[in-house]
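A.B. asks: model the following, please.
(one chain, ligands or ions: 1)
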Amino acid sequence: MKWIKVKNKTEMACIAADILCAQVLLKPESVLGLATGSTPLCVYENMVKRYQEKKISFADSKTVNLDEYYGIQPSDEQSYRYYMDTNLFHHIDIPPENAHVMNGMAKDADEECRRFTGLIHALGGIDMQLLGIGHNGHIGFNEPDDHFTMDTYCVTLSESTRKANAIYFKNGLSDMPEKALTMGIRPIMQARRVLLIAGADKKDILQAAFNGPVTPQVPASILQLHRRLTVVSCEE
Ligand code: F6R
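C.D. replies: Have a look, this model is predicted:
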């Protein structure tokens with residue numbers, strides 16, 4: 001594991017964008033696993049800037065997103081599809097058919113999870129997975145539990161995650177979905193490289209995840225077992 005501690009979000013964004021763009025420059029047809037939330041926003045901004053400056057093209061790249069709320073339209077401003085379109089996909093040259101997010105409106109959630117698992121296999125697996133981390137140690141929406149869930153699945157969100165994310169919904173908690181589709185631990189651990197980014201507010205949970213035991217109570221702790229993990233965290 002390589003842990004890069006930087007001063008602030010600007011430095012974190014720059015280093016994370018360097019790592020993701022290096023992956024694409026070395027292998028233009030890379031499959032990138034992407035995350036949403038507040039932490040990657042500055043990274044995506046940085047990647048868009050590099051594309052606009054013609055330093056990189058994503059024309060041959062493919063992306064698969066970690067998660068999506070269940071029961072939300074892709075056109076809904078709170079959906080992760082909308083987030084990805086507006087913060088990254090619509091500003092770079094990735095062909096729309098190469099940018100995959102699970103369908104939060106799928107009638108059969110389990111079937112949608114199986115479809116996504118098959119898709120990742122068909123793409124040849126994930127070359128680099130970008131992750132954030134929840135205050136409770138979740139990665140994707142793999143919440144603290146008494147076991148790790150390996151396969152991509154439909155999860156009931158924990159109270160702490162619903163409270164943390166409710167601020168993004170107009171009517172707060174009452175609008176916030178109770179379920180989400182999330183990549184399980186297996187596709188994340190099978191990614192050839194993992195890049196986890198965290199702001200200064202995540203110091204405590206990073207300690208628990210990487211200097212404590214590997215436990216499903218802190219889902220990110222499983223990453224201690226990944227052979228090519230890079231963590232970029234902010235000091236302030
Ligand atoms: C988002 C995701 C989540 C977030 C985590 C941190 O796709 O999978 O695990 O990475 O909740 O969110 P922020 O960055 O908003 O603190």
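
A.B. asks: for T215, give me the pLDDT.
C.D. replies: We note a pLDDT of 98 for T215 in this prediction.

A.B. asks: leaving out chain neighbours, which residue sits closest to it?
C.D. replies: S221 (5.6 Å; CB to CB, 6 or more residues apart in numbering). Where you see a C-beta, it was placed from the backbone N, CA and C, and this is true even at glycine.

A.B. asks: report whether the helix or strand I197 falls within contacts the ligand.
C.D. replies: Applying DSSP states H and E as the criterion places I197 in strand 193-198. No: Strand 193-198 is not in contact with the ligand by CB under 6 Å from any ligand atom; minimum separation 8.0 Å.

A.B. asks: what about that strand, average pLDDT?
C.D. replies: Regarding strand 193-198, the rounded mean pLDDT is 98.

A.B. asks: could you pull out the buried residues of that strand?
C.D. replies: Neighbour counts using 16 or more other CB atoms under 10 Å place 193-198 of strand 193-198 among the buried residues.

A.B. asks: which strands or helices does that strand pack on?
C.D. replies: Packing partners of strand 193-198 (3 or more CB pairs under 8 Å, 6 or more residues apart in numbering; DSSP states H and E): helix 9-26, strand 128-131, strand 229-234.

A.B. asks: let's see that with 10 Å instead.
C.D. replies: Applying 3 or more CB pairs under 10 Å, 6 or more residues apart in numbering; DSSP states H and E, we find strand 193-198 packed against strand 2-6, helix 9-26, strand 31-34, helix 41-52, strand 128-131, helix 203-211, strand 229-234.
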